[in-house]
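Colleague: any chance you could fold what I've pasted below:
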Amino acid sequence: MELNDYIESWSEKLSISEQDIEKEYQGLLAEEKQIHPQLKEEEHKINALQRLAMSYKKQLRSPAVGFEGMIIAVGDVVDTVQRQKQEARTLYKENPQKAITNSVTDEDGTPLDTRKEWSEGRPNRNYGKPLPEHNYLRTAFGVALKKNIENSVKFFILNLSGEVANTEVPIFQPVQFRAIDRTPPELGEEEYRLNSSTFTNFIIDESLNLPPLKQLLDTYCGNSKVTIDNLDAYHIANEKDYSRLAIVEGDVTTLILEPTSVGSRRMIIDDEKGMFDMDSPGVTCWVPERINIDFAEQSKVIVLGRTSQGKKLDEQGNQTDEPGDVMLNVYGLYAIPEYKISPHVKELTMETATTEDIAEVEKQAEDEITSDW
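Modeller: As a prediction, the model looks like this:
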């Protein structure tokens, strides 16, 4: 077979574009020339092709397939065994006999995996074995299509595990990535449920012609869009769903950039109705340090995050048994360009708007017309 025949075949099997395969081949060819300068040109080509074939053969053993789209929100990295190990060690220190009898630790105090099965009923093969040093998990949300499959654009939830969870995930940018499709039949027409694999990495691809973010959210994320006055009801209905994502649009009434003890900044948003109600508390949003805030108060923003609700405090600041206000832990934050106030500008009007501000708004309108999706 000729090189182009291999490229065409691999593209079909791996859901990787022919251009990407050609680019990877050329990279290996350049590397071969550098590390084996004594070989002839034809030998360089054969070695590069063989190395590429071995790499793709390994990927074919993985159930991961290609996707392209946009990440719209990313949760925090969580080490799921950290708390379990701490509790196991505390129990062993306080009552070693109980810890050993209940298989929480072994005789040396090493924390053990106590989960007999996973949430979906699959047996846990590591049950009774020592817990790993770390078990990182992270959830990403977005809109994507399966490569080489038409009309397959859907909202997705991607569970990242292991070291993949610690990699940088580009947000609000066109990306390509590979993931394992674990979508249950009952969700097949609505969204993707994906798991990461060892081959999951996010490649920014500016050649992907995606719609503007707001249009993506309106078209494919309708089930997650929540108005501020319906946020309490949404939280009550979804509080047991760990992967819940609320997409809320509002105006920034308060922005406190001084970080808390855990590094979060406080932002309060409200809707048009709440802005004219002097007693409206708005919605408190906790923005982690990793999320950039490039706007000022009075901007209109889209907040993507996970709802939470604590207990109300009394006048002395003591916690009561009464539920407090529903808040948002921010996973994604987007200032709508035509309503964005610069951190150094009090108000943006047609009189004060810069050429760049106007150009950005015009580009948004143009993108809505020219997008392929």
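
Colleague: what residues sit buried inside stretch 42-62?
Modeller: Neighbour-count burial for stretch 42-62, counted by 16 or more other CB atoms under 10 Å, picks out His44, Lys45, Asn47, Ala48, Leu49, Arg51, Leu52, Tyr56, Gln59. (Glycine included, C-beta is placed from N, CA and C.)

Colleague: kindly export it (C-alpha atoms) in PDB.
Modeller: The C-alpha coordinates for stretch 42-62 follow below in PDB (Å, rounded to 0.1, in the frame of the first residue of the first chain):
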ATOM      1  CA  GLU A  42      13.600   5.700   1.700                       C
ATOM      2  CA  GLU A  43      14.700   4.000   5.000                       C
ATOM      3  CA  HIS A  44      13.700   7.200   6.900                       C
ATOM      4  CA  LYS A  45      10.200   7.000   5.300                       C
ATOM      5  CA  ILE A  46       9.800   3.300   6.100                       C
ATOM      6  CA  ASN A  47      10.900   3.800   9.700                       C
ATOM      7  CA  ALA A  48       8.500   6.800  10.200                       C
ATOM      8  CA  LEU A  49       5.600   4.800   8.700                       C
ATOM      9  CA  GLN A  50       6.300   1.800  10.900                       C
ATOM     10  CA  ARG A  51       6.500   3.900  14.000                       C
ATOM     11  CA  LEU A  52       3.200   5.600  13.100                       C
ATOM     12  CA  ALA A  53       1.600   2.200  12.400                       C
ATOM     13  CA  MET A  54       2.600   0.800  15.800                       C
ATOM     14  CA  SER A  55       1.300   3.900  17.600                       C
ATOM     15  CA  TYR A  56      -2.100   3.700  15.800                       C
ATOM     16  CA  LYS A  57      -2.300   0.000  16.400                       C
ATOM     17  CA  LYS A  58      -2.000   0.600  20.100                       C
ATOM     18  CA  GLN A  59      -4.800   3.200  19.900                       C
ATOM     19  CA  LEU A  60      -7.000   0.800  18.000                       C
ATOM     20  CA  ARG A  61      -7.000  -1.500  21.000                       C
ATOM     21  CA  SER A  62      -8.600   1.300  23.000                       C
END
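
Colleague: now Glu41: phi and psi?
Modeller: phi -60, psi -40 (degrees, to the nearest 10).

Colleague: cool, and the one 3 residues further on?
Modeller: Dihedral angles of His44 (phi, psi; degrees, to the nearest 10) stand at phi -60, psi -40.

Colleague: can you give me the distance of the residue nearest to it when sequence neighbours are not counted to Lys57?
Modeller: Leaving aside its chain neighbours, His44 sits nearest to Glu32 (4.4 Å; criterion: CB to CB, 6 or more residues apart in numbering). Plainly put, Glu32 is 18 Å away from Lys57 if you go by CB to CB, to the nearest Å.

Colleague: centre-most residue in this structure?
Modeller: Nearest to the mean C-alpha position of the chain, counting by CA atoms, centre = their mean, stands Ala140 at 2.1 Å.

Colleague: before we move on, back to that, Provide the secondary structure category for the residue nearest to His44.
Modeller: Assigned with DSSP: H, G, I helix; E, B strand; the rest coil, Glu32 falls in the helix class.

Colleague: so what's it up against?
Modeller: The contact partners of Glu32, by CB atoms under 8 Å, 6 or more residues apart in numbering, come to Leu39, His44, Asn47, Ala48, Arg51.

Colleague: secondary structure element for the residue nearest to the centre of the chain?
Modeller: Per DSSP states H and E, Ala140 falls inside strand 136-146.

Colleague: list the buried residues for that strand?
Modeller: Those would be Tyr136, Leu137, Arg138, Thr139, Ala140, Phe141, Gly142, Val143, Ala144, Leu145, Lys146, for strand 136-146 by 16+ other CB under 10 Å.

Colleague: now do the contacts for the first one.
Modeller: Put plainly, it is Tyr136. With the criterion set at CB under 8 Å, 6+ apart, Tyr136 makes contact with Val77, Val78, Asp79, Thr80, Ser161, Gly162, Glu163, Ala165, Asn166.

Colleague: can I assume the last one is in contact with Asp76?
Modeller: The reference is to Asn166. No. Between Asn166 and Asp76 there is no contact under CB atoms under 8 Å: 11.3 Å.

Colleague: got any residues that touch both of these two?
Modeller: Arg138.

Colleague: A strand includes Leu328, no?
Modeller: Yes. Judged by three-state DSSP, Leu328 forms part of a strand.
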